[in-house]
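Asker: Predicted model follows, preceded by the sequence.
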Amino acid sequence: MHPAVSVIFFTVTSGAGFGFLAMIGLGVPMPESGPGAFLACLVAGGLAVMGLISSTFHLGHPERAWRAISQWRSSWLSREGVCAIITLVLFGFYALFWVFFGERIAPLGILVAIGAAATVFTTSMIYAQLKTVPVWNTWMTPACYLAFSLTSGILFAGAFGHWQSFAGLSVPLLGLVALGCAWLMKLLWWQNGGRATLEAMGSDTGTATGLGFLGTVRLLEKPHSGQNYLTKEMVHRIGRKHAAKLRIISLVLGAALPLALCLLAMFATGAASQFLLVLAVFGLIAGLFAERWLFFAEARHAVSLYY
Amino acid sequence: MGVHDRDLDRSPHVSDEIRKTTCYMCACRCGINVHIRKGEDGQPKVRYIEGNRDHPVNRGVLCAKGSAGIMQHYSPARLMKPMKRVGPRGKGEFQEIEWEEALSLATEWLGEIRSTDPRKLAFFTGRDQSQSMTGWWAQQFGTPNFAAHGGFCSVNMAAGGIYTFGGAFWEFGSPDWSKSELFMIFGVAEDHDSNPIKLGLAEMKRRGKKIVGVNPVRTGYNAIADEWVGITPGTDGLFILSLIHELLKMGKVDLDYLLRYTNAPWLVIDNPGGADHGLIARDKDGNILVADRKTMKAKKASDKKVKPALKGECKFARGKVARPVFELLANKYLSDEFSPENVTERTGVPADQIRRLANEIAEAAFEKEIVIEQPWTDVKGEKHDKMIGRPVSFHAMRGISAHSNGFQTCRALHLLQILVGSIDCPGGFRFKPPYPRPVHAQPKPHGGSVANTPLAGPPLGMPRGPEDLLFQEDGVTPQRIDRAYSWDAPLSAHGMMHMVISNAHARDPYPVDVLFMYMANMSWNSSMNSRGVMQMLEARDEDGEYVIPKIIYADAYNSEMVAYADLVLPDTTYLERHDCISLLDRPICEPDVMADSIRWPVVDPATQADGRDVRGFQSVLLDLGARLGLPGMTNEDGSAKYADYADYMANHERKPGVGPLAGWRGNGDSHGRGAPNPRQIDAYIENGGFFEAHIPENARYFKHANQHWQDWAVEMGLQDGPVENVFNLYSEAMRKFQLCAEGKAEPQPPESHRQRIIDAFDPLPVWYPTFEGTQISEEEYPYNALTQRPAAMYHSWGSQNAWLRQIHGSNPMYVPSNICDAEGLEDGDWALVSSYHGEIRVQVKRMKAVNANTMWTWNAIGKRSGAWNLDPDAPEAKKGFLLNHLINELLPPKGDGMRWSNSDPVTGQAAWFDLKVKIRKAPDQEGPTAPQFESQKKSRTAPVNVEYGKEWTK
Amino acid sequence: MTSLPTETTGKKLGLVIDLDTCVGCHACVVNCKEWNTGGYGAPLGDEDAYGADPVGSWLNRIHTFEVTPDNAPAQIVHFPKSCLHCEDAPCVTVCPTGASYKRGEDGIVLVDESMCIGCGLCAWACPYGAREMDPVENIMKKCTLCVDRIYNENIPEVDRVPACVRTCPAQARHFGDLGDPESDVSKLVAERGGMDLMPEQGTRPVNKYLPPRPKTHSNTPLSKQAAPADKASGGFLGWLDSALEKL
Ligand SMILES: Nc1nc2c(c(=O)[nH]1)N[C@H]1C(S)=C(S)[C@@H](COP(=O)(O)OP(=O)(O)OC[C@H]3O[C@@H](n4cnc5c(=O)[nH]c(N)nc54)[C@H](O)[C@@H]3O)O[C@H]1N2
Ligand SMILES: Nc1nc2c(c(=O)[nH]1)N[C@H]1C(S)=C(S)[C@@H](COP(=O)(O)OP(=O)(O)OC[C@H]3O[C@@H](n4cnc5c(=O)[nH]c(N)nc54)[C@H](O)[C@@H]3O)O[C@H]1N2
Ligand code: SF4
Ligand code: SF4
Ligand code: SF4
Ligand code: SF4
Ligand code: SF4
Ligand SMILES: [Mo]
């Protein structure tokens, strides 16, 4: 699939944003109120909204984006829109009370957290539902999305929060565990990806054309000598070397670096720990950009059987 | 029902009006319904073009090109006004001028020539559909130097057929699709009968009948063929003669048919060394002789009581002997030389396949005989109570004809058809009117050329024998600039357009003053050696003057050729002008109908773009004719005889009662013959743009010998009296050329040409290896390289089409996988392909379904950068390529330094497909394709995006 | 709305494409473009139409495949592809706006362009590559089964078939009700073993493809050899005598 910048940016930032929202909603220790709270809300909400806005750049007609929430009964994309809006509205109220009255309404926070998780889940289901892209078409896709969202949220919360521990666990430790789980999930996903091919689903150029019964089928001539929407969008081919390189980059920046920083942060205190977590966030987000680029670029769509 | 769907306008408005005319996105000439709807600016605009269901050619269907007519008509490459060259030739720098200036200039240039030496005008037209008019114009002007594209196209096919049986494949006949049991198609990718062939194949498929495709490449028609013969290029003749060998061996020939309709029983004089050796035996009154089967005594062939022999020796007085044609033929082809085993290596066709196919042909012809209960009378007066058919049919086109052995190969195929009795019988090959029309019913070529005087007859025609060649006073130097009708190519019935520019450049046989061309992209895809031709057009002499002094060119678009013109006459598009697809020209008939058609301005050019000031070329030509005072185009008082082409179409008479259009003559109630009818064109328009007359049932088959056909053809003005048509298994005309070459008759060819004439003019079809193949080292250039017509492109002119260019915007070289493996080539690699003449750089695509020694590409996709007003970096220029850069118009020098034209020695047909090449991986794997040329200047800028039809969605 | 219709008439309009006859001429492709660029869902835009990278939207395209059997020479199959108007159309259910829908009346899958936001998700959901985003209009385009022709009272009744069907010179395209087992198209499918593309995707396409018929190969043996004339009666010329006798 074509790795569109807007969609990569959207899934990474909105994932992080909603993760952060969820952490806030769950009541992780944060500045009491005032500018600190405002900044946290701004970053959390901002990431989520920015992601959503950037996703509209992917639309041919962003001015009609409002229509996208109408089909929540059948469409994951629609559901995502609905969840995102509800979550953001709830979060708005939550933030209002927090910033201005220093009041963090816990039940509302729980709803925000649930909403944020639902939003990330619906986002992931947009991809996971697609039978046409076997690597995506697995429960592991939402698992990865949720895990990365949660991890980003924890690190963000750690970077912002005035807190050393949450539910008795030190935040760097939490981050360490979350990072470990998320990347483990992703490794599993990658491993699965190697197996979840079109061929494994029983599709090949032979079934795509129905001509398999005759012999080996191979494309001789494309329908048009140049490109078309489908070849640009769905028939993206990347070099194996290139992909391997990007995997390493994503693992180094997104896993190794934040893991190391979290480890260090466990032994640091106060501002130093917080600074290390800020660095870890940057590393993770950078790694996720590479991860997400691969998520799209490496995904083979059934249409590629025709090209 | 409880079904709730959204509101939808089920019957939206389609168009304001439908205007029916004829397509010209290619030469097939289908009928089209042009839907006209008001555009944003209130002017009529083309909404949709569909096939006309009533039309005899396409019966409602429309091909990709036809459907893309909108984009051609509104192409940004359209020329808008006459132009005068201001920069050097080839750059495309022009100044727009008024028509009056353009016409005065042309009149001045041409007038001077006509009053001094008319042959200094070389007038050549390309994809012309008005040759009866343009040829007539040349004749009135007085220059023999006229031809259209036939010489480089498929004259082998036309001449091979007409010299053999008075018809031809090309567009002059077609298989009996609804009755054939077996159909073999040789060397066809697309052909002129584009839609009819597809409709026909569909019919064969529907009926479940077998189609055999003989072609080195298995795409298109060959892809759907039930059996594929992946022949090695240039060897079809051998394959066909081997089929004949097998048929003869099995005795599967239709002797009755041969006796009735062919010269099989005619006696051939057997007098080795004599001046009459190989001529047909005649009595002193000139009657052709046959031998009586019992007595072996000579008898007049016309004597109905004689039962002629097909073998044996007939002795005449004075010891002369003669043998029937059939015996010579049988002996020749039964020879081991033609056994399947002996041809398999050269042809690449397994011997068993040849044998099986021969059996299948025999089975279809003789065991699936078709009988139509239709009484008819033959020309000898014999009544037949039914029509009996041999339902095996064949079709062939440039794959066999565009070779230097193509004429004889075409003859071989016709020989095969005739031997099994399948010409113009039910289920076989069928003539389309006005055919059959054998050589003696066609004009001879006319030369001459006297100041201010028309030629005595049309410049092009069919020579009966050596006596009709066109030489200057010395008896050897050709009269024509293209050297047609000379010893170079005696039967060059369509002229040799591919030699005009190089001969004019070499001033051989003489210099010309004006090169006047129409609708031919000669500086690019229609020339061999395109770069060389560009240089010739740019070449200057010692005085700095262009070697070809003046070039006038009429085109509708900014093609590569436009850049080389000194004066450009902008034509209309096909939807803006009158045209006449006449029976005097290339017919649009189908086997059961005689038909002709018109184009008419379904939109007025003035409404089709700002400042559009273009004129239909034929009208311009008539105007020029009148300005030059040409007979036939000028009234006694010197005024123009025809207001425009439409006026000519209705009022011109070629002979009394016969004019360009056959329908609605006289008062509108006589067809074929009749006085001119001023309302004729309206009648055509009312009828959907065409006229058709159905051939009477009893005249539909055996037209070569059918009295009903003869009567009807005379009535319809197709011929003026009975025309005898005996199929020439043995061609006496060809033998006459051989006798000249043997030194036994006059005129005699120069020494250099003798052996070649002797070899090529065998009166019985022969096969010899193609010339390029024999003149270069097969070790160095082991592979063949071909082009094919893409169904969705017409030569060069589809590239300006926003829709079609997306389908074919560039072309790879399709290379057999075995060659790829040998040369280490993968899909997408850049490779260098070279011939003895040049080298090109191309991208490779592997392919298996192709002859193992043959690579190929789509024809005419490559464009010169900037041409057709495309972006200079368009894929057509940077990834597309022409094979033409590898093909030379001349063969490599022989030992004696002589360079022959790369053509068939009989007809002069350009041998495009003889090309031999080698291939290797390019050392550097970057584009673009090579060669590249400096960008040609655009005549206008093109819009970026197209959203055709948007205005109608509101 | 964007769910699949719950109530239908049972009518399933669609195309049957004969791969044994398609010569790959692109006639259907261009005629489709030509009809539709001025009709329902118009225009079909072309970006950089005369430039270095022209890309347009088309509703129908022809691919060319090379098929290599185990023991016979490779063959070519030209392969037209447009929307298959699937019964379980995933492109419809993924659509967030309700722009994509399947008609209950005849099963045609359409895009209501005024509602489409150009998110592209439906194209992702379609396994067949039957939907294309218009590069100029930025709206999803797909085969409409010529819904503005097949019922259109402004055109003659014979012409109320899809543009691609009417134009196909090889008559490789057939249109009809595949929900009616007695229709011509259903019979053709039954007779010729019409097949689904990628049935494993579970989309249940309405359009069917007729497979190429078996070919004769260069090594197919001769079923029956006609007797040689020369053996029968003293050489070919001997045969000639007896054959002429019989005339
Ligand atoms: N390698 C290779 N080369 C070949 C061949 C091959 O098989 N292989 N085939 C050869 C054959 S058979 C042929 S016939 C030639 C064809 O080659 P050409 O005869 O050159 O044909 P086109 O490229 O179509 O160009 C004809 C010109 O007509 C112009 N034109 C189009 N419409 C109109 C109109 O309405 N009015 C006017 N006045 N002009 C118009 C176009 O702009 C174009 O410049 O190519 C030959 N070249
Ligand atoms: N769409 C479209 N239609 C056209 C044209 C066009 O440009 N586009 N051009 C028109 C013109 S001017 C012409 S002349 C006709 C030509 O119509 P075709 O005769 O169909 O011309 P080509 O495409 O040159 O096809 C030649 C075929 O012969 C095969 N071939 C080459 N060498 C050999 C051989 O030695 N033996 C055999 N058996 N096959 C061989 C090639 O593989 C190819 O399939 O088409 C006309 N129709
Ligand atoms: S074959 Fe196509 S381009 Fe040629 S005349 Fe017919 S419709 Fe037009
Ligand atoms: S028009 Fe017919 S033959 Fe041509 S590509 Fe389309 S389906 Fe095939
Ligand atoms: S072919 Fe694709 S676009 Fe058409 S209905 Fe099926 S899934 Fe949808
Ligand atoms: S692109 Fe349009 S039709 Fe397709 S899913 Fe998005 S909104 Fe629906
Ligand atoms: S049915 Fe209509 S819209 Fe669909 S492919 Fe055919 S012509 Fe195009
Ligand atoms: Mo041609």
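Answerer: Structure received. Since the structure is predicted, the reported quantities are computational estimates derived from the model, not experimental observations. Ligands and ions are numbered 1, 2, ... in the order given.

Asker: Only C-alpha atoms from now on, for both contacts and neighbour counts.
Answerer: Noted.

Asker: tell me which parts of chain C are close to ligand 7?
Answerer: C:Cys32, C:Leu59, C:Asn60, C:Ser82, C:Cys143, C:Thr144, C:Leu145, C:Cys146, C:Pro162, C:Ala163, C:Cys164 (CA under 6 Å from any ligand atom).

Asker: Narrow those to those in strands?
Answerer: Under the assignment DSSP state E, these contribute C:Asn60, C:Ser82 to strands.

Asker: What about the residues of chain C next to ligand 7, which one has the most neighbours?
Answerer: C:Cys164 (28 neighbours; other CA atoms under 10 Å in any protein chain shown).

Asker: What distance do you get for the residue nearest to the spatial centre of chain B to B:Lys332?
Answerer: Most central in chain B under CA atoms, centre = their mean is B:Ser154, positioned 4.2 Å from the mean C-alpha point. According to CA to CA, to the nearest Å, B:Ser154 and B:Lys332 sit 27 Å apart.

Asker: which residues of the stretch 151-300 of chain A score low on pLDDT?
Answerer: Scanning the stretch 151-300 of chain A for pLDDT under 70 picks out the ranges A:162-165.

Asker: Just want the residue of it that's nearest ligand 4.
Answerer: A:Pro223 (10.1 Å; CA to the nearest ligand atom).

Asker: My guess is that residue contacts C:Leu59. True?
Answerer: No: using CA atoms under 8 Å, A:Pro223 is not in contact with C:Leu59, being 11.7 Å away.

Asker: Can you say which helix or strand has residue 92 in it?
Answerer: Because you didn't say which chain, this covers chain A. helix A:76-101 (DSSP states H and E).

Asker: that's the wrong chain, I wanted chain B
Answerer: Using DSSP H and E, no helix or strand contains B:Gly92.

Asker: Skip the chain neighbours and tell me the closest residue to it.
Answerer: The shortest distance from B:Gly92 to any non-neighbouring residue, by CA to CA, 6 or more residues apart in numbering or on different chains, is to B:Ala563 (4.2 Å).

Asker: pretty sure that neighbour belongs to a helix, no?
Answerer: Yes: under DSSP: H, G, I helix; E, B strand; the rest coil, B:Ala563 falls within a helix.

Asker: for chain C, which spans come out with low pLDDT?
Answerer: Those would be C:1-2, C:230-234, if you go by pLDDT under 70 across chain C.

Asker: now with 90?
Answerer: C:1-3, C:6-7, C:39-42, C:218-239, C:241-243, C:245-247 (pLDDT under 90).

Asker: what ranges do the strands span in it?
Answerer: C:13-18, C:46-47, C:55-56, C:60-68, C:75-82, C:100-102, C:109-111, C:131-133, C:140-142, C:173-177, C:208-210.

Asker: Ok, which of those strands comes nearest C:Gly202?
Answerer: Nearest of these to C:Gly202, taken as CA to CA: strand C:208-210 at 14.5 Å.

Asker: right, is that closest one up against ligand 5?
Answerer: No: for strand C:208-210 and ligand 5, the contact criterion (CA under 6 Å from any ligand atom) is not met; the two come no nearer than 11.3 Å.

Asker: is that strand up against chain B anywhere?
Answerer: No: if you take CA under 8 Å from any CA of the partner chain as the test, strand C:208-210 misses chain B, and the best it gets is 12.8 Å.

Asker: my guess is the residue nearest to the centre of chain B contacts B:Arg398, does it?
Answerer: Yes: with contact defined as CA under 8 Å, B:Ser154 counts as touching B:Arg398 (6.0 Å).

Asker: Model confidence for the residue nearest to B:Gly92, exactly?
Answerer: For B:Ala563, the model assigns a pLDDT of 98.

Asker: can you check B:Lys954 too?
Answerer: B:Lys954 is given a pLDDT of 67.

Asker: OK, contacts around C:Asp148?
Answerer: B:Asp9, B:Arg10, B:Ser11, B:Pro12, C:Gly39, C:Tyr40 (CA atoms under 8 Å, 6 or more residues apart in numbering or on different chains).

Asker: Separate out the buried members of these.
Answerer: Buried members of these, counted by 16 or more other CA atoms under 10 Å in any protein chain shown: B:Pro12, C:Gly39, C:Tyr40.

Asker: and the first one, what is it in contact with?
Answerer: For B:Pro12, the contacting residues are C:Asp148, C:Asn152, C:Asn154, by CA under 8 Å, 6+ apart.

Asker: Provide a list of residues in contact with the second one.
Answerer: By that I understand C:Asn152. Counting by CA under 8 Å, 6+ apart, C:Asn152 makes contact with B:Arg10, B:Ser11, B:Pro12, C:Arg160.

Asker: Farthest pair within these?
Answerer: B:Pro12 and C:Arg160 (12.6 Å).

Asker: rewinding a little: adding distance to ligand 1, write the contacts of B:Pro12 out as TSV.
Answerer: Formatted as TSV, these follow (distance: CA to the nearest ligand atom, whole Å):
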residue	distance to ligand 1
C:Asp148	32
C:Asn152	34
C:Asn154	32
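
Asker: Among the buried ones among the contacts of C:Asp148, name the ones in helices.
Answerer: Using DSSP state H, no member of the buried ones among the contacts of C:Asp148 falls in helices.

Asker: now those residues as CSV including distance to ligand 6?
Answerer: Output for the buried ones among the contacts of C:Asp148, formatted as CSV (distance: CA to the nearest ligand atom, whole Å):
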residue, distance to ligand 6
B:Pro12, 22
C:Gly39, 18
C:Tyr40, 15
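
Asker: Nearest to ligand 5 among those?
Answerer: Nearest to ligand 5 among these: C:Tyr40, at 16.4 Å, using CA to the nearest ligand atom.

Asker: show me what contacts the closest one?
Answerer: B:Thr953, C:Thr144, C:Cys146, C:Val147, C:Asp148.

Asker: still on that earlier bit, doesn't the residue of the stretch 151-300 of chain A closest to ligand 4 lie inside a helix?
Answerer: No: the assignment for A:Pro223, made by three-state DSSP, is coil rather than a helix.

Asker: what sits against it?
Answerer: Neighbour list for A:Pro223: B:Ile807, C:Arg61, C:Ile62, C:His63, C:Thr64 [criterion: CA under 8 Å, 6+ apart].

Asker: still on that earlier bit, from the contacts of C:Asn152, pick the one nearest ligand 6.
Answerer: Distances from ligand 6 to the contacts of C:Asn152, taken by CA to the nearest ligand atom, are shortest for B:Arg10, at 20.6 Å.

Asker: can you map out the strands along the stretch 651-800 of chain B?
Answerer: Assigned by DSSP state E, counting those that start in this stretch, the strands in the stretch 651-800 of chain B fall at B:690-694, B:783-788.

Asker: Mind checking those strands for the one nearest to chain C?
Answerer: The minimum distance between chain C and the strands of the stretch 651-800 of chain B falls on strand B:783-788, with 13.0 Å, by CA to the nearest CA.

Asker: Quick check: chain neighbours aside, which residue is closest to the closest residue to ligand 4 within the stretch 801-950 of chain B?
Answerer: Here the stretch 801-950 of chain B gets closest to ligand 4 at one residue, B:Ile807, 12.0 Å apart by CA to the nearest ligand atom. Leaving aside its chain neighbours, B:Ile807 sits nearest to A:His224 (4.0 Å; criterion: CA to CA, 6+ apart).

Asker: Ok, C:Thr203 next?
Answerer: Excluding the flanking residues, the one nearest C:Thr203 by CA to CA, 6+ apart is C:Asp88, at 4.7 Å.

Asker: Repeat that for C:Val77.
Answerer: C:Phe65 (5.2 Å).

Asker: That neighbour touches A:Gly215, doesn't it?
Answerer: No: at 11.3 Å, C:Phe65 and A:Gly215 do not qualify as touching, with contact defined as CA under 8 Å.

Asker: Looking at these two, which has the bigger crowd around it?
Answerer: C:Phe65 (23 against 17).

Asker: Contact partners for the more buried one?
Answerer: Per CA under 8 Å, 6+ apart, neighbours of C:Phe65: A:Val217, A:Arg218, A:Leu219, A:Leu220, A:Glu221, C:Ile76, C:Val77, C:His78, C:Phe79.
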